[in-house]
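[1] Please find the sequence and the predicted model below.
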Amino acid sequence: MAIFRNLDIFLIVLSLGSIFIICFYRKISRELQSEPTNWPVVGMFPAALQNLHRAHEYATQVLRECGGTYELKGPWFLNLDIMFTCDPANIHHIFTKNFPNYPKGPQFRKIFEILGDGIFNVDDKLWEIHRRITLSFLTNSKFYTLLERNTWRKMDVGLIPVLDYFCEHGKDFDLQDIFQRFTFDSICKLVLDYDPGSLCIDLPYIPCEKAFSNSVAPLLHRHILPERIWRLQQWLNFGNEKKLAEAKKAFDDFILPRVSFKDEEQEDDFNVMKIFKKFYEEKNIESSGDLSEFLKDTALSLMFAGRDTTSTCLTWLFWLIAKNPSTENKILQEIETELRVKQDSTGRVFNVEESRKLVYLHGALCESLRLFPPIALEHKSPVNDDILPSGHHLRKNSKVIISFYSVGRLETVWGKDCLDFKPERWISGKGMTRHEASYNFPAFNVGPRTCIGKEMAFIQMKIVAATMIYRYRVELVEGHPVAPLDSVVLHAKHGLRVRLSKRN
């Protein structure tokens, strides 16, 4: 009888254990589609790790189910609780209404230490100096002349010859890589007055150009992993931290020699680095490094903005157009009508003023930015305790991550067709471009830190997109996977492989 009784106990324990294991795995699998479970000791970390390969989609899914805001509970011993939000009211509060309570702060500077004392990384007086000098450069009457000249020159000697080469040889290629090279060369010429020539038929490997792409995924991991873990990786020069160290070396090797110039070497006074150098010397700017380091950090931040915003938007634009061919016809018709391009013409150089006539193309670019914002998320930390409009309490120095990616997928803001590509949503009844509040459309950030290069980016993107759509048909390579990279910058994970054919 004792044997049977022990057998019964064993079977009961086995059954209960089996039920627990089944429930556990079912719960874990459901977390691919729902709010993560807060497990004892480990918190919500299992769900976060399981969905790390689709971080943006998963965050959007959970935020949608939780009303736009939820707190991710990390393991209790790691102090890793993070508040996630995509609620426009919270965004407006954090970035505008209570802006002084949410500086970049020391935690942000730790995560993005690679940017040094650049405009994205600093607060208070140094940030104001960066913004004022950069804005004076961008609003100078000479700037748009310089922008037009540099952009069309890069089109003529770089982009069009490379695209013609692939078209004539019938080869497929990574269009994202081409756009990244184009914007890298363009921003280097604008900021450093130097064209590295990465966009040519040979497609040379330039470490600095690739370092931008190689650094964005490790920066996202720094948001999720405890600092002690990534600091250990940094000390061991291992994994993602090794990639960041290599990227920093590539940036230093490329930029430092080109900002360590003497005044007599620069004939043109209208040079952004020369303006920063003069201000640094006259105003005794306090930074963490010497003049060369300050100029390097300044140039790097401007290069980050100029390369990734434009190239990322253009990449997703051409993918979205390929998936929605009717929009391509409308853009083509607008180009022919508004720019008066002749049917037998192979292309046309148009100026800044003419580019403003391309309202439908502007709407298509805004849709690309809405669905795939180049900067997918922003990190904030309050100086003092705060209560968000959603009712959630934030403790002093706690971590808040704002998902710009998720904002563009909110039905409450964009309607039930929020996942559809509809350039028309950006056009008013009078045929003009419709304005949207930045807290609903944070592709260029929000509030006082709104990107001051927005107008420049649209001009450059219109020149590239209009010229390409008029000259070529772009066809996606069948079977090639296209998905957003799980990183701070929303690159296409596997690139965008396409084939081109000439239009008649």
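    Received the coordinates, thanks.
[2] And the residue nearest to Tyr360 when sequence neighbours are not counted, which helix or strand is it part of?
    Excluding its sequence neighbours, the residue lying closest to Tyr360 (C-beta to C-beta, 6 or more residues apart in numbering) is Glu334, at 4.8 Å. Where C-beta positions appear, they are placed from N, C-alpha and C, glycine not excepted. Using DSSP states H and E, Glu334 falls within helix 325-338.
[3] what's downstream of that helix, the next helix or strand?
    Using DSSP H and E, the helix or strand that follows helix 325-338 towards the C-terminus is helix 352-355.
[4] contact partners of whichever helix or strand comes after that next one?
    As assigned by DSSP H and E, the chain's next helix or strand after helix 352-355 is helix 359-371. Outside helix 359-371, the residues within contact range by C-beta atoms under 8 Å, 6 or more residues apart in numbering are 313-314, 316-317, 320-321, 327, 330-331, 334-335, 408-409, 414, 419, 421-427, 431-433, 436, 441, 443-444, 458, 461-462, 465-466.
[5] Quick check: which ranges of the stretch 351-500 of the chain have low pLDDT?
    For the stretch 351-500 of the chain, applying pLDDT under 70 flags no range at all.
[6] mind listing the helices for it?
    352-355, 359-371, 404-407, 411-414, 454-471 (DSSP state H, counting those that start in this stretch).
[7] before we move on, back to that, orientation of the helix holding Glu334 relative to helix 454-471 in degrees?
    Between helix 325-338 and helix 454-471, the angle comes out at 100 degrees (axes from the mean of the first three to the mean of the last three C-alpha atoms, to 10 degrees).
[8] name the helices or strands packed onto helix 325-338?
    Judged by 3 or more C-beta pairs under 8 Å, 6 or more residues apart in numbering; DSSP states H and E, the packing partners of helix 325-338 are helix 291-323, helix 359-371, helix 454-471.
[9] Output these as CSV; include the columns distance to Pro389 and mean neighbour count.
    Below are these laid out as CSV (distance: least, C-beta to C-beta, whole Å; neighbours: other C-beta atoms under 10 Å):
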stretch, distance to Pro389, mean neighbour count
helix 291-323, 28, 23
helix 359-371, 22, 23
helix 454-471, 26, 21
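[10] Of the helices of the stretch 351-500 of the chain, which is nearest Phe84?
    helix 404-407 (8.4 Å; C-beta to C-beta).
[11] Report the buried residues of that closest one.
    Judged by neighbour count using 16 or more other C-beta atoms under 10 Å, the buried positions of helix 404-407 are Phe404, Tyr405, Ser406, Val407.
[12] Could you do stretch 199-214 as well?
    For stretch 199-214, the neighbour count (16+ other C-beta under 10 Å) marks Leu199, Ile206, Cys208, Glu209, Lys210, Ala211, Phe212, Ser213 as buried.
[13] Check stretch 247-258 too.
    Neighbour-count burial for stretch 247-258 [16+ other C-beta under 10 Å]: Ala247, Lys248, Ala250, Phe251, Asp252, Phe254, Ile255, Arg258.
[14] From Trp235, how far out is the fourth one?
    Looking back up the chat, that one is Phe251. For Phe251, the distance to Trp235 equals 21 Å [C-beta to C-beta, to the nearest Å].
[15] I am finished for the moment; much appreciated.
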